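Undergrad: show me the folded form of this:
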Amino acid sequence: MKKVFLVLIAGILAIPSISSAQENDTRVITTALPFLRIAGDARAAGLGDMGVATSPDGWSQQWNPSKYAFLKRQQQFGLSYTPYLQGLVNDIGVAQLVYANRRNENSAFAASLRYFSLGLVTLRQTADDPGRDEKPNEFVLDATYSLKLSEQFAMAVTGRFLRSDLRLQETSPDATAANSFGVDISGYYQSEENAYNDFNGRWRGGFNISNIGPKVSYDTGGRENFIPTNLALGGGFDFILNDGFSKIGVTAEVNKLLVPTPPLREDGDANMNGTPREIIGGQDDDVTFINGIFQSFGDAPGGFSEEIREFTWSLSAEYTYDDSFSLRTGYFNEADDKGGRKFLAMGAGFEFSSVDIDLSYLFSTSRVRSPLEGTLRFSLTFNFGEEYTEY
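TA: Predicted structure coming up:
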């Protein structure tokens, strides 16, 4: 579908790091390549966009690659598609491919490709101009190695190449695609199955520091933008019921962007270039990505209370019967002055032979309408090779 001036939408959705929302003391942290924060698979989406401490699956690459060392099947191949802004257009979306291989009892490797297409954009100088077509897009390609350090704990290192090709030559003659790289460091703990009074249980915990890498720029000499370096922490518990088939997993997770907070600016006080003067803390152009990680824990102009509001949190529950059918729900919350995303998610999963099918749906619960509201997301996972039984 051709869309005139879709580049305006692209600028709002895909490169919000060019400007920061600062009205009414609102300081939303923005980055380049924000599509990396969109849940790429339907299972995680149905759990409220979480995955750092949920049970292992083939889609762990985005959330916590350490979980691959605990996969139940030797090999998994998955594909997923998430429509974006489906209420307005039909050719914007995120596609993902993932492959995971648990080589032996103690190690695994995986690779994935995520591709964000903003569809077909038609650029016109005048109303009678036939126009020229552009296809803005972003993608990331990554690979992971996961290793068990003990029977219950594994860590992983991930390398990632990132490319954002959104700027259009028509609007900026020196525009180029932005390239960078990122590294993830993650860990996952899964306890043995323990017996309690009326059920058995298993504890889970995980962390992931993702997208540690250099800033990117969309034109020569232009402003450099942070990539979405993120800290995720989570924990959960599996209630394994005595019927031998049913399991209920509950999980909690918090996330924080490790990117400096936009500075507080004083209204009406401008320098010679007409730019408002920065007066308290925040994001400076000369801050390196390493310094930005440490600065992000203490630079909010509003102090400790604002730093706490920069954490998002989510809760989820998943019922699984005989590892062949699942029902899921999750809730995601973000502070109003940090983006205001709040939504309830629901999902289901089915296994047919060696194929897993996952579906999810999202309901916004805040005044900020999610671009994914009313969208049915789906994922397919193909399972190969031998099965592993832990403990």
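Undergrad: point out where the stretch 51-200 of the chain drops to low pLDDT.
TA: For the stretch 51-200 of the chain, applying pLDDT under 70 flags the ranges 122-132, 167-175.
Undergrad: give me the neighbour count for D243.
TA: 10 (other CB atoms under 10 Å). (C-beta placed from N, C-alpha, C; glycine too.)
Undergrad: output stretch 218-238 as CSV - backbone C-alpha positions only.
TA: Extracted C-alpha coordinates of stretch 218-238, given in CSV (Å, rounded to 0.1, in the frame of the first residue of the first chain):
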residue,chain,number,x,y,z
TYR,A,218,21.6,9.2,10.6
ASP,A,219,23.6,11.8,8.8
THR,A,220,27.2,13.2,8.6
GLY,A,221,27.8,15.3,11.7
GLY,A,222,24.3,14.7,13.0
ARG,A,223,23.3,14.1,16.5
GLU,A,224,24.2,10.6,17.8
ASN,A,225,21.4,8.6,19.3
PHE,A,226,21.6,5.9,21.9
ILE,A,227,20.5,2.4,21.0
PRO,A,228,18.1,0.8,23.5
THR,A,229,20.5,-0.6,26.1
ASN,A,230,18.2,-2.3,28.7
LEU,A,231,18.4,-4.0,32.0
ALA,A,232,15.8,-6.8,32.7
LEU,A,233,15.4,-8.6,36.0
GLY,A,234,12.8,-11.2,36.8
GLY,A,235,11.7,-14.1,38.9
GLY,A,236,9.0,-16.7,38.9
PHE,A,237,7.6,-20.0,40.3
ASP,A,238,6.0,-23.0,38.7
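Undergrad: tell me which residues of it are tucked away?
TA: Within stretch 218-238, the residues scored as buried using 16 or more other CB atoms under 10 Å are 218, 222, 224-238.
Undergrad: quick check: L97 touching L79?
TA: Yes. Proximity of L97 to L79 meets the contact threshold set by CB atoms under 8 Å, at 5.4 Å.
Undergrad: and the buried residues of stretch 218-238, which of them are in strands?
TA: Secondary structure from DSSP state E places 230-238 of the buried residues of stretch 218-238 in strands.
Undergrad: turn those residues into a markdown table, including pLDDT and distance to P136.
TA: Putting those into a markdown table (pLDDT from 0 to 100; distance: CB to CB, whole Å) gives the following:
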| residue | pLDDT | distance to P136 |
| --- | --- | --- |
| N230 | 96 | 23 |
| L231 | 97 | 29 |
| A232 | 97 | 28 |
| L233 | 98 | 34 |
| G234 | 97 | 33 |
| G235 | 97 | 39 |
| G236 | 97 | 38 |
| F237 | 97 | 43 |
| D238 | 96 | 42 |
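Undergrad: so which of the residues you listed comes closest to I357?
TA: D238 (22.0 Å; CB to CB).
Undergrad: all helices for the stretch 151-300 of the chain, in order.
TA: Taking DSSP state H, counting those that start in this stretch, the helices of the stretch 151-300 of the chain run over residues 289-295.
Undergrad: which pLDDT does the model give I248?
TA: I248 is assigned 96 on the pLDDT scale.
Undergrad: now S17
TA: S17 carries a pLDDT value of 35.
Undergrad: how about R202, nearest residue that isn't a chain neighbour?
TA: Nearest residue to R202, sequence neighbours excluded (CB to CB, 6 or more residues apart in numbering): D238, at 4.4 Å.
Undergrad: that neighbour contacts S246, doesn't it?
TA: No. D238 lies out of contact with S246 (CB under 8 Å); the separation is 10.7 Å.
Undergrad: and the closest residue to M50 other than its chain neighbours, how many neighbours?
TA: Nearest non-adjacent residue to M50, counting by CB to CB, 6+ apart: E253, 4.3 Å away. Neighbourhood size, E253 [other CB under 10 Å]: 26.
Undergrad: ok, A95 next?
TA: Neighbours around A95, by other CB under 10 Å: 15.
Undergrad: please identify which helix or strand holds it.
TA: Using DSSP states H and E, A95 sits within strand 93-102.
Undergrad: show me which residues of that strand are buried.
TA: For strand 93-102, by 16+ other CB under 10 Å, it's 93-94, 96, 98-102.
Undergrad: distance to V28 added to the residues you listed, as CSV?
TA: Formatted as CSV, these follow (distance: CB to CB, whole Å):
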residue, distance to V28
G93, 23
V94, 21
Q96, 26
V98, 30
Y99, 35
A100, 34
N101, 39
R102, 39
